[in-house]
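Visitor: Need a 3D model of the following:
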Amino acid sequence: MYADLEDTELEALKRDLEHDYAEIKRRDLTLNMARGKPSSAQLDLSMPMLTCVHALEDCYSEDGVDCRNYGVLDGLPEAKRLLAPLLDEEDIDNIIVGGNSSLTLMHDQIARMYLFGTLGSKPWSDYENVKWLCPVPGYDRHFAITEEFGMELIPVPCDEHGPDMDVVESLVADDESVKGIWCVPKYSNPAGTTYSDEVVERLARMHCAAEDFRIFWDNAYCVHHLHFDDGGEQDHLLDIGIACAEAETPDRYIKFCSTSKVTFPGAGISAMAASPDNISEMKQHLRIGTIGYDKLNQMRHVIFLKDADGIKEHMAAHARILKPKFELVQKKLSDALDEVGGCTWSNPNGGYFVSFDGPEGTARRIVELARNAGVVLTGAGATWPHGVDPHDSNIRIAPTLPPIDELSNALDVFTLCVKLAYVELLTGDIERPELSD
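Guide: Here you go, the predicted structure:
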């Protein structure tokens, strides 16, 4: 372990690592592991969808709506049925189908509650301070939405079961200004965690001082298993809707999903599901802002994916592309870092990311070293509210976009940068951070 080395040994190791780093810089690499984008090979899987609406009869829905025209505010019935399994929703009347981005649905729903309140509550803008719970490490774009509305973002630690519910329950019990929580409950971004049944049940039944407290349940990776063909484990997630119904808090949740990483990120379809009262209120606001979303695209998805079995078959093809990449990440990190010490990382059964924790005080330096060597990573701190990781340790690894040979090169650079940053920390070349509790 590096921390056990003598000073002279550390200095010699540092010289060797600096030599290797200089050699890599001379290669002028241009590699990217920054964002969780599907690879070109994954996008190719959905190319037939672009031409599957090719006849006049394909433009009409099952109830006779001409999809080329205006109308159908909440989405085609067949599109609702297609996305219902992604939302764990049996009643399609409780579903609204949107445009290509579930993030837009989340942003707009926050905006509506901020401006108008919800189900009779006063607008959130009337509060001097609105607070929002942010499980960490988490999704930077979630955090950015609530930050844009000036909310106070409160980090909540997570473990292998999900958010620390003792912390969550203590925060919501007596403070009416705590209005919601971000949740990526299955194969979470970035740790790949799936919430335990106990966590889901406690979220549903916990006492909240705010009657308008909302769980934003982003089921982004619910069908993104890595194990389809090999008999490996697929995570189970308890439905928050059922849990809230049993806890007599039926209006507490809003579920979101999309096909952004199923078909085309820029041309998918999204949806949200909630209680009948929430859905009714959402429609009242939606009809002011739109006459209806892209029904031809909804029809393309229905014709191409067909049903839950069709989605499963399609996602199995995705997994055959992704699984070797995730296996490569585990091998590269283990081979290079097991004897270094101070590093941990997730090994998820699905999703799009691996969450890496380096020695405290090294994440920013690792990202800087990697960037200077031609490898772009998600910024250090991005997985925390306001981009500030108090431990300066977490880095989100996104292995999905690059071809596997480029991924291999990028991981070699990454692990070298981890080693060099850690040695710099141990030799005092970078300062140890003042860590918060």
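Visitor: What is the burial count for residue 306?
Guide: Neighbours of residue 306 under the rule other C-beta atoms under 10 Å: 14. For the C-beta atoms, the positions are set from N, CA and C on the backbone; glycine is no exception.
Visitor: If we ignore the residues flanking it in sequence, what's nearest it?
Guide: residue 82 (7.8 Å; C-beta to C-beta, 6 or more residues apart in numbering).
Visitor: From residue 34, how far off is that neighbour?
Guide: 31 Å (C-beta to C-beta, to the nearest Å).
Visitor: When those two are compared, which one has more neighbours?
Guide: Taking neighbours as other C-beta under 10 Å, residue 82 and residue 34 compare with residue 82 leading, 26 against 18.
Visitor: Hmm, the more buried one is touching residue 304, no?
Guide: No - with contacts counted by C-beta atoms under 8 Å, residue 82 stays clear of residue 304, the gap being 9.8 Å.
Visitor: Tell me if I am right that residue 83 is in a strand.
Guide: No - under DSSP: H, G, I helix; E, B strand; the rest coil, residue 83 falls outside any strand and is assigned helix.
Visitor: I'd assumed residue 94 was in contact with it.
Guide: No - using C-beta under 8 Å, residue 83 is not in contact with residue 94, being 11.7 Å away.
Visitor: between the two, which one's more packed in?
Guide: residue 83 (27 against 19).
Visitor: Show the pLDDT at the more buried one.
Guide: We have a pLDDT of 98 for residue 83.
Visitor: so the closest residue to it other than its chain neighbours bridges to which residues?
Guide: Sequence neighbours aside, residue 271 is the residue nearest to residue 83 in space, at 4.4 Å (criterion: C-beta to C-beta, 6+ apart). Assessed by DSSP bridges, residue 271 has beta-bridge partners residue 97, residue 257.
Visitor: start the count at 599, not 1, going forward
Guide: That works, and once the first residue is 599, the last one we named lands at residue 869.
Visitor: show me the contacts for residue 869.
Guide: 673, 677-678, 681, 684-685, 693-696, 700, 703, 854-856 (C-beta atoms under 8 Å, 6 or more residues apart in numbering).
Visitor: at 10 Å what do you get?
Guide: By C-beta atoms under 10 Å, 6 or more residues apart in numbering, the contact set of residue 869 is 672-673, 677-678, 680-682, 684-685, 687, 690, 693-696, 700, 703, 817, 853-857, 891, 896.
Visitor: returning to what we had before: overlap of the contact sets of residue 681 and residue 692?
Guide: What both residue 681 and residue 692 touch, as defined by C-beta under 10 Å, 6+ apart, is the set 870, 871.
Visitor: Now do the strands for the stretch 849-998 of the chain: every range, in order, please.
Guide: 851-856, 868-871, 942-943, 952-955, 973-975, 992-995 (DSSP state E, counting those that start in this stretch).
Visitor: and the ones you listed, which is most packed in?
Guide: Stretch with highest mean neighbour count among these: strand 868-871 (a mean of 28; mean count of other C-beta atoms under 10 Å).
Visitor: so how far is stretch 949-959 off the chain centroid?
Guide: 14 Å (C-alpha atoms, centre = their mean, to the nearest Å).
Visitor: Just the mean pLDDT for that stretch, thanks.
Guide: For stretch 949-959, the per-residue pLDDT averages 97.
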